[in-house]
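> Any chance you can model this:
(chains A and B)
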Amino acid sequence: MRSHTASQIVLQSVGERVTLAGWVDRRRHHGGVAFVDLRDHTGVVQVVMEPQRFEESVLLRREYCIQVHGVIRRRPEGAENPAMSSGMVEMDVEELTILSPSEELPFPIEDRTDAEELLRLEYRYLDLRRPRMARNLAARSLALRTVRRTLEDMAFWEVETPTLIRSTPEGARDLLVPSRHNPGAFYALPQSPQIYKQLLMVAGVDRYYQMCRCYRDEDFRADRQLEFTQIDLEGAFWDQDDVLAAVEKVVMAVASVLRPDQEIPVPLPRLTYGEAMARYGTDKPDVRFGMQIQDLSDVFAGTGFRAFANILGSGGVVRGINAGQIQMSRARADALIAKARQWGAGGLVWMVVRPQAPPRSPVAKFLSQVELDSLVERMGGTPGDVLLLVADREKTAAQTLGRLRLDLGTPDDPDSLEFLWVVDFPMFEEKDGEITFLHHPFTSPTDVEQMVSRPLESVARSYDLVLNGVELGSGSVRIHDPDTQRRVFEIMGIPEEEAEERFGWFIKALRYGAPPHAGFAVGFDRLVAVLRGVSSIREIIPFPKTQTGAEPLSSSPAAVDREQLAELGIAVAPRRARAKPSG
RNA sequence: GGGGGCGUAGAACAGUCUGGAGUGUUCGCUGGCCUGUCAAGCCAGAGGUCGCGGGUUCAAAUCCCGUCGUCCCCGCCA
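Got it, this is the predicted structure:
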């Protein structure tokens, strides 16, 4: 059908007789001569024809799929197009075949206009023809290939695990699949292959990886889909440093092929969870800009300012950020205070640093000269800088300032890639009076005795990978000792019989010489999205779902036949009548 | 579960606050002219259930109520 692709047509091709096939990107008809930009998956070549020689050329429309045969020639002097890689040459068409005509398009196929996303999803096969989307697909493929090559070279085995598994009520909502043989019983689709990969470790697989589809039935965001892909890996006789080194190798390999412009120093920097929360108010800091949170509690230790004194007296903290040179109008201040309240803080104190004068602030009159001076010094304040202070419980103050920081800060270089590890997460946190996991229940504590006696102070051997403020993935050293595993369930408040019923089969496996092991999972869609500089993983997923889980191309999910349900022993409960979608 | 934005011709939008004839812009589409364009150009033309339903009004794209869809965010995502 073709002898060359568009990208193979270069200056050296002049004189060659070639056959190309692709789509009519654009057509410029001048009566006596017509130019067609022929696009394929590699690029664009201008083909030229004299319409009187080709009756068909009159009929060519956008996105017609055509085949052309002719001679590559140099373009006339002055008619070159330096913006095209094949812009020095063109094809003089001798034969033209319309392989497949196209109806009028629902939206233009070009990078510079963005149709509404719903429409793009409805005609995804056209949307993906746009060069930018095609490059996203190509980048994803290249990333996949790079991951596999890198891990294969490191002696990993790619092992598949089941996608129909037992439901575990912890964590995200499961997607359920009914069993025909056992009416009323359901499989779940895996939220991750966690237990199976640990079983593979027990099974003697030394290094496991899998490009794995995972399913979590929670509400969607720009970076979350119902189904997504993970680079899942695990190694026996591994400790934390082995995992981080392996993940670094894989992720850096992907980064270097997708973003060769960026030099990323390894090993990647590490931050403890405590440091991350203290300096950035989040466990996934974007370190492309500074504006770090400063603790000011000592500055105000003996303050006469009642609001601060009360909070410090009850174990709270005073912290602040230097938001830099921003305009601080009354309206801006009110908006920031409203945001801080919405994020849980009791209030927000703002100050504008002035030269040779105390800062301008509604609360300046309550603070001593010494306090103001050391505050400005601690914050590195220069005239015009806006300082924002929050006095509250430590966690609230940190999180509020962390969000303000993201709200007000912009990356020094938006194209840069700032990877970092966040390590030493707590094992548990208290939520609504209950102890819950920060990670998952198979994560090993650094100290079992401490975990049992003071669980909320216990540090987990777990770690997250963060890129530009996006959580790319997480992992941990796993528990390989059945006794420790039981104790974790105890602390969780899961009764022994229940733990036995739900996880007994897994704990049993740990009793047969389970090797110490550790692993990680990287959110593949997110990784490619950030490296491609797109804000939604939907740009990276060929056929994504909308926020309500719909797939507009095929109109899934959809009702099924009554017979299908009957066979599965499923009766659908009556629900409020759903109006037929309109518009 | 909650907050916010959006829905007007095939596409992207303006018009909605302050009701007055489906008014407009760019692109696309149809026809014509055109031999060096490359987001071609020029001329002419077609194309509308203003998401859907109800209400207020002499009159609704515009105001009110409901509803559907979609996007962003909070919650949620061990």
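> how about low-confidence regions in chain A?
A:574-583 (pLDDT under 70).
> what sits against A:Glu50?
A:Gly32, A:Val33, A:Ala34 (C-beta atoms under 8 Å, 6 or more residues apart in numbering). Quick note: C-beta positions are derived from backbone N, CA and C, even for glycine.
> change it to 7 Å
Counting by C-beta atoms under 7 Å, 6 or more residues apart in numbering, A:Glu50 makes contact with A:Gly32, A:Val33.
> State the phi and psi torsions of it.
phi -100, psi 110 (degrees, to the nearest 10).
> ok, it to A:Arg26 distance?
18 Å (C-beta to C-beta, to the nearest Å).
> go on, A:Ala307?
From A:Ala307 to A:Arg26 the distance is 65 Å (C-beta to C-beta).
> Mind checking which of the two has more residues around it?
A:Ala307 (16 against 13; other C-beta atoms under 10 Å).
> Burial check on the closest residue to A:Arg149 other than its chain neighbours, number of neighbours?
In this structure, A:Arg149 finds its nearest non-sequential neighbour in A:Ala253, 7.8 Å apart by C-beta to C-beta, 6 or more residues apart in numbering. Number of residues near A:Ala253 (other C-beta under 10 Å) recorded here: 17.
> A:Ala253 against A:Arg148, yeah?
No - with contact defined as C-beta atoms under 7 Å, A:Ala253 does not count as touching A:Arg148 (10.4 Å).
> Disregarding flanking residues, what is the spatial nearest neighbour of A:Tyr196?
A:Thr161 (3.8 Å).
> residues in contact with that neighbour?
A:Pro193, A:Tyr196, A:Lys197, A:Gln210.
> May I ask which two of these are separated the most?
Between any two of those, the greatest separation by C-beta to C-beta is 9.2 Å, found for A:Tyr196 and A:Gln210.
> if we can go back for a sec, save the contacts of A:Thr161 as CSV, and put in secondary structure and neighbour count too.
As requested, the contacts of A:Thr161 are exported to CSV (DSSP: H, G, I helix; E, B strand; the rest coil; neighbours: other C-beta atoms under 10 Å):
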residue, secondary structure, neighbour count
A:Pro193, coil, 26
A:Tyr196, helix, 21
A:Lys197, helix, 24
A:Gln210, strand, 22
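> From what I see, A:Pro193 and A:Gln210 are in contact.
Yes - at 6.4 Å, A:Pro193 and A:Gln210 qualify as touching, with contact defined as C-beta under 7 Å.
> Need the residues touching each of those two.
In the contact map built from C-beta under 7 Å, 6+ apart, the residues linked to both A:Pro193 and A:Gln210 are A:Thr161, A:Asp232.
> in a helix, that's where A:Arg135 is, yeah?
Yes - counting by DSSP: H, G, I helix; E, B strand; the rest coil, A:Arg135 falls inside a helix.
> ok, it to A:Thr42 distance?
Per C-beta to C-beta, A:Arg135 is found 11 Å from A:Thr42.
> quick one, which of these two is more surrounded?
Between A:Arg135 and A:Thr42, counted using other C-beta under 10 Å, A:Thr42 has the larger neighbour count: 16 against 12.
> tell me the phi and psi of the more buried one?
Torsion angles, degrees, to the nearest 10, at A:Thr42: phi -110, psi -20.
> For the nearest residue to it once chain neighbours are set aside, list the residues it contacts.
Sequence neighbours aside, A:Ser7 is the residue nearest to A:Thr42 in space, at 3.7 Å (criterion: C-beta to C-beta, 6+ apart). Contacts of A:Ser7 were listed using C-beta under 7 Å, 6+ apart, and they are A:Thr42, A:Gly43, A:Ser85.
> do A:Pro426 as well
A:Tyr273, A:Leu438, A:Ser458, A:Val459, A:Ala460.
> And it, how far from A:Gly433?
Going from A:Pro426 to A:Gly433 by C-beta to C-beta gives 17 Å.
> Might you enumerate the residues of the stretch 101-250 of chain A proximal to RNA strand B?
Listed as neighbours of RNA strand B in the stretch 101-250 of chain A under the rule C-beta under 7 Å from any atom of the strand: A:104-108, A:112-119, A:168, A:170-172, A:191-192, A:194, A:216, A:218-224.
> try 6 Å this time
When proximity is defined as C-beta under 6 Å from any atom of the strand, the stretch 101-250 of chain A approaches RNA strand B at A:104, A:106-108, A:113, A:115-119, A:170-172, A:191-192, A:194, A:216, A:218-219, A:221-222, A:224.
> now the stretch 351-500 of chain A
So the stretch 351-500 of chain A meets RNA strand B at A:Thr436, A:Phe437, A:His439, A:His440, A:Pro441 (C-beta under 6 Å from any atom of the strand).
> just checking, what packs against the helix or strand containing the first one?
Right, A:Thr436. Element membership of A:Thr436 [criterion: DSSP states H and E] is strand A:434-437. Counting contacts by 3 or more C-beta pairs under 7 Å, 6 or more residues apart in numbering; DSSP states H and E, strand A:434-437 packs against strand A:428-431.
> centre of the chain versus the strand it packs on, how much separation?
Relative to its chain's centre, strand A:428-431 lies at 25 Å (C-alpha atoms, centre = their mean, to the nearest Å).
> give the contact list for A:Val423.
A:Arg270, A:Thr272, A:Tyr463 are the contacts of A:Val423 under C-beta under 7 Å, 6+ apart.
> residues of the host helix or strand of the residue nearest to A:Arg149 that come out buried?
Per DSSP H and E, A:Ala253 falls inside helix A:240-258. Using 16 or more other C-beta atoms under 10 Å as the test for burial, helix A:240-258 gives A:240, A:242-244, A:246-248, A:250-255, A:258.
> ok and whichever strand or helix holds A:Arg148 relative to helix A:240-258, angle-wise?
If you go by DSSP H and E, A:Arg148 is part of helix A:131-153. Using axes from the mean of the first three to the mean of the last three C-alpha atoms, to 10 degrees, the direction of helix A:131-153 lies 140 degrees away from that of helix A:240-258.
> Can you name the next helix or strand after helix A:131-153?
Past helix A:131-153, the next helix or strand by DSSP H and E is strand A:157-158.
> partners of that following strand in the sheet?
strand A:207-215 (parallel) (DSSP bridges).
> In CSV, list the C-alpha atoms belonging to the very next helix or strand once past the strand it pairs with.
Later in the chain than strand A:207-215, the nearest helix or strand by DSSP H and E is strand A:227-236. Taking Å, rounded to 0.1, in the frame of the first residue of the first chain, the C-alpha atoms of strand A:227-236 are listed here in CSV:
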residue,chain,number,x,y,z
GLU,A,227,-9.3,1.8,36.0
PHE,A,228,-5.7,2.7,35.8
THR,A,229,-2.3,1.2,35.1
GLN,A,230,0.4,0.5,37.6
ILE,A,231,4.0,-0.5,37.3
ASP,A,232,3.9,-3.1,40.1
LEU,A,233,7.1,-4.6,41.4
GLU,A,234,8.3,-6.5,44.4
GLY,A,235,11.6,-8.1,45.4
ALA,A,236,12.6,-10.9,47.8
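> For strand A:227-236, which strands pair with it and how are they oriented?
strand A:207-215 (antiparallel), strand A:517-523 (antiparallel).
> how near is A:Lys249 to RNA strand B?
To RNA strand B, A:Lys249 is 24 Å away according to C-beta to the nearest atom of the strand, to the nearest Å.
> go on, A:Val452?
19 Å.
> And A:Glu16, by the same measure?
From A:Glu16 to RNA strand B the distance is 17 Å (C-beta to the nearest atom of the strand).
> what do you get for A:Tyr187?
Counting by C-beta to the nearest atom of the strand - A:Tyr187 and RNA strand B are separated by 16 Å.
> how close does the closest residue to A:Thr410 other than its chain neighbours sit to RNA strand B?
In space, and not counting its chain neighbours, A:Thr410 is closest to A:Phe289: 6.5 Å by C-beta to C-beta, 6+ apart. As judged by C-beta to the nearest atom of the strand, A:Phe289 and RNA strand B stand 18 Å apart.
> Secondary structure element for A:Phe289, which one?
Counting by DSSP H and E, A:Phe289 is part of no helix or strand.
> From one end of stretch A:546-562 to the other, what's the distance?
27 Å (C-alpha to C-alpha, to the nearest Å).
> what do you get for stretch A:379-398?
16 Å.
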